[in-house]
Each structure stands twice: as C-alpha cells, then as structure tokens.
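1. any chance you could fold what I've pasted below:
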Amino acid sequence: MVKKCNFALCLSLLFVFVWCCSIASADARQPGKNKFIFMDEPLPPFSIGETGSLSREGISYEMLSLIFGEIGADFEIELVPWGRAIKSVTHGKIDGVPLLMKNSEREQFLVFSVPLFEIKELIYYMPERFPDFHWESLDDLAGKTIGLIIGYTYSPDILEAINKKKFKVLYSTDTESCLVKLLAGRVDLFIENEASVQEFFKSNAEWRERIKSADHAVSRCYWHMGISKLSPLASRMDEINSAIRKMKDDGRFARIVAPIK
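-> Prediction:
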C-alpha cells in the first residue's frame with residue numbers, strides 16, 4: 001500500500017513539474033515580457049565569443065545595447081551555429097537575430113528593421129593557385145568550386161548561378177571552415193563579407209599573406225535586425241526603428257560601425 005501511494009505521489013509531482021515548466025516556457029513568449037532573446041553565430045567583429053556562451057562584445061552587442069536602452073528593455077545574445085539560430089527564430093523559440101540580410105523567404109517569418117548598414121561581399125582566392133585570377137561576371141567562375149556557408153543567403157545573381165549550376169558549391173558551417181578549405185585547396189574561391197574575413201586576418205598573418213580578394217565586390221547588400229513574427233517584440237518595431245534613426249542622427253551608430261567602414 002505504501003509503495004502504491006509513493007508511486008502515485010511521484011507521478012503527481014512529475015506532472016506538476018512538467019506543467020510548471022510548460023507554463024514558464026509559454027510565459028517567455030507572452031506580451032509584457034521585457035527581456036528578449038537573440039541568437040547569432042560567433043562572427044567577429046559582429047558577435048564575439050564562443051559557441052554556447054553569451055556574446056557581450058562586438059558590433060551586434062553594442063548596437064543592441066543602445067537600441068534596447070532607448071526602448072527600455074533588456075536582451076541577451078546566445079551564440080550558436082547559424083542554422084540553429086535561423087531555425088529557432090523561424091519557430092518563435094527566440095525573439096530575433098541581430099544582423100542578417102533581408103529576402104522574400106525570410107520575410108515569411110521575420111519582421112525587419114530599417115537598414116542598418118551596407119555590407120560588401122568579395123571573392124577570396126589564393127594567388128599561388130590562381131596568379132592571374134580576375135572576373136567580370138559570374139560566368140567567369142565556370143568550372144570553379146565555390147565555398148559558401150550553410151544557411152546564409154546571397155545576392156539573387158549568385159543564387160541564380162547556383163541554380164543553373166554555373167559552378168560547383170561546397171558548403172561549410174562558418175567563415176573559418178571555409179577559409180581552411182580554401183587554404184587546403186578543397187575550394188577554389190570563397191564568397192564572404194569583407195569585414196568578417198579581415199577580422200580573421202588580424203590574428204593570422206599567414207592567412208593574410210596567402211589569401212587575397214578580387215578587385216571588385218560580387219555584391220553589396222544591407223543588413224537588418226530580424227524579429228520573429230511570433231515574438232511580442234515584433235509589435236515594437238516602430239520603437240526600434242525610431243531608436244535606430246535617433247542613433248544615426250546623433251552619431252552614436254556611426255561610432256559603432258566605424259571599424260567596418
């Protein structure tokens with residue numbers, strides 16, 4: 001009899017525990033909350049830190065600190081693989097992603113801020129393998145293997161060229177992995193934003209010497225803050241945009257992005 005009672009008691013306590021956890025999880029998505037969760041990949045100089053930690057430095061952190069100070073709210077940036085960040089924001093498990101490119105696919109599940117700044121994407125190569133490398137159109141890349149990053153979006157021209165199989169593509173999980181493959185000869189070229197590659201070059205003189213960029217950009221695009229349509233923060237986008245415009249007018253925003261200009 002005692003065993004039966006203990007079993008029933010344990011079962012009841014387990015049910016209560018699971019119910020409380022589900023309520024707590026639901027509360028995290030409720031209107032009225034004032035701390036919002038972002039995810040990003042470790043990508044200096046934008047989000048700095050190790051995967052699995054919270055980012056507390058970098059352009060993204062400084063930018064969100066000012067924006068959320070203006071709207072009277074709090075935030076944190078969890079550093080995870082890029083694919084997990086996109087999946088989490090798609091399903092409303094987090095509130096947003098600090099910086100990303102806007103496209104029609106992402107507009108199905110994200111509300112975007114006004115443009116924050118323009119990013120230049122370049123083609124990187126190794127002169128020791130291709131001493132006379134030069135390109136004018138994507139047709140010039142025919143027969144090459146291009147390194148790209150899983151989950152990233154690229155300009156319409158690049159996406160069209162991929163669909164038409166004008167060149168081979170080898171995907172990696174992050175910028176560093178692509179650079180390693182470039183150095184190892186597993187890819188011929190690598191397309192990435194200039195600021196991130198230059199940040200890697202600062203700490204690796206050999207990479208800086210062996211890897212060069214082509215003489216003109218493959219694309220230029222604006223990055224935005226993206227907020228999940230399932231987040232209560234989406235209803236505050238007007239406040240966020242007002243804060244961004246104020247920061248641009250008074251010069252604070254320019255000071256944050258100065259390292260990539």
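2. other residues contacting stretch 177-197?
-> 43-46, 119-126, 129-130, 141, 144-149, 154, 158, 170, 172, 175, 200, 207, 210-211, 213, 217-218, 259-260 (CB atoms under 8 Å, 6 or more residues apart in numbering). Where C-beta positions appear, they are placed from N, C-alpha and C, glycine not excepted.
3. out of those, which sit inside helices?
-> 158, 175, 200, 207, 210 (DSSP state H).
4. which of these sits closest to residue 55?
-> Nearest to residue 55 among the ones in helices among the contacts of stretch 177-197: residue 175, at 15.7 Å, using CB to CB.
5. now, the most widely separated pair of the ones in helices among the contacts of stretch 177-197?
-> So, those by CB to CB: farthest apart are 158 and 210, at 24.3 Å.
6. these two: which is more packed in?
-> The neighbour count for residue 158 versus residue 210, taken as other CB atoms under 10 Å, is higher for residue 158 (21 against 15).
7. and stretch 246-254, how far apart are its ends?
-> In stretch 246-254, first residue to last residue: 11 Å (CA to CA, to the nearest Å).
8. what comes up buried for it?
-> Neighbour counts using 16 or more other CB atoms under 10 Å place 247, 253 of stretch 246-254 among the buried residues.
9. how about residues contacting that stretch?
-> By CB under 8 Å, 6+ apart, stretch 246-254 touches 63, 66, 67, 70, 116, 244.
10. how much space separates residue 229 from residue 77?
-> Relative to residue 77, residue 229 is positioned 20 Å away (CB to CB, to the nearest Å).
11. how far away is the residue sitting nearest the centre point of the chain from residue 117?
-> The residue lying closest to the centre of the chain (CA atoms, centre = their mean) is residue 40, at 4.9 Å. Counting by CB to CB, the separation of residue 40 from residue 117 is 16 Å.
12. please enumerate the strands of the stretch 1-150 of the chain.
-> All strands of the stretch 1-150 of the chain, identified by DSSP state E, counting those that start in this stretch, fall at 35-40, 74-79, 96-101, 110-112, 117-125, 145-149.
13. now the stretch 151-261 of the chain
-> Using DSSP E, counting those that start in this stretch, strands in the stretch 151-261 of the chain cover 168-172, 189-193, 212-213, 219-228.
14. re earlier: now intersect the contacts of stretch 246-254 with the helices, please.
-> Those of these lying in helices (DSSP H): 63, 66, 67, 70, 244.
15. what about those residues, which one has the most neighbours?
-> Most surrounded of the ones in helices among the contacts of stretch 246-254: other CB under 10 Å gives residue 67, at 24 neighbours.
16. and it, what does it touch?
-> For residue 67, counting by CB under 8 Å, 6+ apart, the contacting residues are 225, 240, 243, 244, 247.
17. could you do residue 72 as well?
-> Per CB under 8 Å, 6+ apart, neighbours of residue 72: residue 34.
18. ramachandran angles for it?
-> phi 70, psi 40 (degrees, to the nearest 10).
19. and it, what pLDDT?
-> For residue 72, the model assigns a pLDDT of 96.
20. can you check the pLDDT for the closest residue to residue 48 other than its chain neighbours?
-> Nearest in space to residue 48, with sequence neighbours left out and distances taken as CB to CB, 6 or more residues apart in numbering, is residue 58 at 3.9 Å. Here, the pLDDT recorded for residue 58 equals 97.
21. measure residue 58 to residue 96 for me?
-> Taking CB to CB, one finds residue 58 at 16 Å from residue 96.
22. do residue 199 as well
-> 23 Å.
23. looking at those two, which is more packed in?
-> residue 96 (28 against 19).
24. show me the beta-bridge partners of that one.
-> Beta-bridge partners of residue 96, counted by DSSP bridges, are residue 38, residue 227.
25. got a list of what it touches?
-> Applying CB under 8 Å, 6+ apart, the residues near residue 96 are 36, 38, 89, 110, 225, 226, 227, 228, 231, 233.
26. dump those into CSV; add pLDDT as well.
-> Below are the contacts of residue 96 laid out as CSV (pLDDT from 0 to 100):
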residue, pLDDT
36, 98
38, 98
89, 98
110, 98
225, 98
226, 98
227, 98
228, 98
231, 97
233, 97
